[in-house]
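Colleague: Sequence and predicted model, in that order:
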Amino acid sequence: MAEKTIPSASFPDSLRYNLAQTFPVYLQGLFTRSKFWVSFWTRLGSDGRVVKQLTRMRSKYGPQVYVNVGGNRTLLLLDHSGAEHVLKNSPEIYASDPDAKRRGMAHFQPGALTISAGEKWRDRRRFNESVLRGALDGGGHSAKVLEVVRREAAALAEKQGGALAWQDFADAFDRITLQVIYGDRAGTDAALLRRLRKIMREANRVAGLRKSKHFDGYYSEVNGYLKNPRPHSLASLCAETPSTEDTSVPAQMTHWTFAMSETLAANTARALALVLAHPRAEQRAREELARAGIDTPEGVNGLKYLGACVQEAMRLWPTTPLLIRRALEEDYIGGARVERGTQILINNTFNHRDSETHPFADRFAPEIWLEGVGHDYAFNHLSNGPQACAGRDLALFIAKAFVASLLASGRYTLGGPKLDPGRPLPHMYNYFKVKLARA
């Protein structure tokens, strides 16, 4: 059988792609989001433009095409099977270390699992899995996580006036993050997160980075928590879990902090907005809540439908719009040869909203997660394969517990941005403008 040849996009098509996605993603912030630019590109509907453009490009070039992305010749995968092959063989054949991502992440979390390869990746992956799974394995850890989440959700529910906005969610998840990772006494340690976010904003530049003046102070504080960990915190599990010099424990904790605060807050706020905008979904969620309860970790684990709602928010509006890999050796994808060193891009923005492949692409469809349809390599908001998010179960547990706690506290209406269950859902949803009101 003749070897397939992967076509290359024309210069105008590559330019249009960069203007539609590469440029907007960079301006919105690779590691911490800019409120101005998120609002700007949401108004312009940049993600919708990406979906339309890549639908045309797949029709024109096929499911695999080389595109010039930011000056790099990049293999863009527009099919399920190509993404599955790459993710199943990551990081052994396909490493997650494009130059821009590595430079940016190394600025605030050198030694991060997501930019590791080889034996260091295996060492750090074992550590991450052990600690993050341990947080839900009983022994008081999962009960402590639930206690923290319910306490912070209750504080929001008791807010004077009953109206909730994005900043309320952001502040609550900051406190949840600090307490879950570092212990109760860290709940008011806003200085730790301020330092980290200053470094992350610097990292958004990607180019021209030097060691941050906030770096040493931030990591000094992280190490202070590690030396005297509080019971049932992730820090205490870190102290109990075998590690090596290569593990870079403070860097792993920094990644959890980065992922659990702003990112999980955005996903949770969007999930709640979706549930409130779809009366049937809210009714089903409340019925499940009444059966399972949220007083125990077992009850939260039983919230399968609510968990599906959270997954749907992540599918519809992935906070990780792109997965980028680099081929460490020559390989074949779909019968076509891929050279060593090739940069590969899996586009979640497009794949998750590919209406030609998925008839439910633009509607709220939590049932796909209950039926198993969603658990494949088409939807990679938490990635898949060996490099799937090590904290997936913990993130979903926290999000479910938070949404369930707010629903149990009373009735809310979605003040904005509005979502119409009778129309296709927008390709972008600006969580900075989320508003809820007591019904």
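Modeller: Yep, that arrived. Residues are numbered from 1 along each chain as shown.
Colleague: can you pull out the helices in the stretch 51-200 of the chain?
Modeller: Under the criterion DSSP state H, counting those that start in this stretch, helices of the stretch 51-200 of the chain are mapped to 80-88, 99-108, 118-134, 141-157, 166-182, 190-203.
Colleague: Relative to the whole chain's centre, how far out is the last one?
Modeller: Helix 190-203 has its average C-alpha position 19 Å from the chain's average C-alpha position, going by Cα atoms, centre = their mean, to the nearest Å.
Colleague: cool, and the shortest one?
Modeller: Taking Cα atoms, centre = their mean, one finds the center of helix 80-88 at 19 Å from the center of the full chain.
Colleague: Pick the most buried one from the helices of the stretch 51-200 of the chain.
Modeller: Stretch with highest mean neighbour count among the helices of the stretch 51-200 of the chain: helix 166-182 (a mean of 22; mean count of other Cβ atoms under 10 Å). In this view, the C-beta of every residue, glycine as well, is placed from N, C-alpha and C.
Colleague: average pLDDT for that helix?
Modeller: Averaging pLDDT along helix 166-182 gives 97.
Colleague: shaky segments in the stretch 1-150 of the chain?
Modeller: Where the stretch 1-150 of the chain drops to pLDDT under 70, the residues are 1-2, 97-98.
Colleague: out of the helices of the stretch 51-200 of the chain, nearest to residue 339?
Modeller: helix 80-88 (14.3 Å; Cβ to Cβ).
Colleague: that older thread, including distance to residue 319, could the helices of the stretch 51-200 of the chain go into TSV?
Modeller: What follows is these, written out as TSV (distance: least, Cβ to Cβ, whole Å):
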stretch	distance to residue 319
helix 80-88	18
helix 99-108	15
helix 118-134	18
helix 141-157	19
helix 166-182	13
helix 190-203	14
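Colleague: Show me the one of those helices that comes nearest residue 270.
Modeller: Among the helices of the stretch 51-200 of the chain, helix 166-182 comes nearest to residue 270, with 10.0 Å by Cβ to Cβ.
Colleague: tell me what the closest one is packed against?
Modeller: Contacts defined by 3 or more Cβ pairs under 8 Å, 6 or more residues apart in numbering; DSSP states H and E place helix 166-182 against helix 141-157, helix 190-203, helix 234-240, helix 249-258, helix 264-277, helix 392-409.
Colleague: Can I get the second one as CSV, trimmed to CA atoms?
Modeller: These are the backbone C-alpha positions of helix 190-203, laid out as CSV (Å, rounded to 0.1, in the frame of the first residue of the first chain):
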residue,chain,number,x,y,z
ALA,A,190,-4.0,35.5,49.8
ALA,A,191,-0.3,36.5,49.5
LEU,A,192,0.6,33.0,48.2
LEU,A,193,-1.8,33.2,45.3
ARG,A,194,-0.9,36.8,44.6
ARG,A,195,2.7,35.9,44.2
LEU,A,196,1.9,32.9,42.0
ARG,A,197,-0.4,34.9,39.7
LYS,A,198,2.2,37.7,39.3
ILE,A,199,4.6,35.0,38.1
MET,A,200,1.9,33.4,35.8
ARG,A,201,1.1,36.8,34.2
GLU,A,202,4.8,37.1,33.4
ALA,A,203,4.8,33.6,32.0
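Colleague: Which parts of the stretch 251-400 of the chain are helices?
Modeller: 264-277, 279-292, 297-301, 304-316, 348-351, 367-370, 392-409.
Colleague: what's the closest of those to residue 419?
Modeller: Per Cβ to Cβ, nearest to residue 419 of the helices of the stretch 251-400 of the chain: helix 264-277, 3.8 Å.
Colleague: Kindly reformat the helices and strands packed on helix 166-182 as a markdown table and extend each row with distance to residue 20.
Modeller: Formatted as a markdown table, these follow (distance: least, Cβ to Cβ, whole Å):
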| stretch | distance to residue 20 |
| --- | --- |
| helix 141-157 | 36 |
| helix 190-203 | 24 |
| helix 234-240 | 39 |
| helix 249-258 | 27 |
| helix 264-277 | 22 |
| helix 392-409 | 29 |
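Colleague: To residue 11, which of those helices lies closest?
Modeller: Nearest to residue 11 among those is helix 190-203 (30.6 Å), distances taken as Cβ to Cβ.
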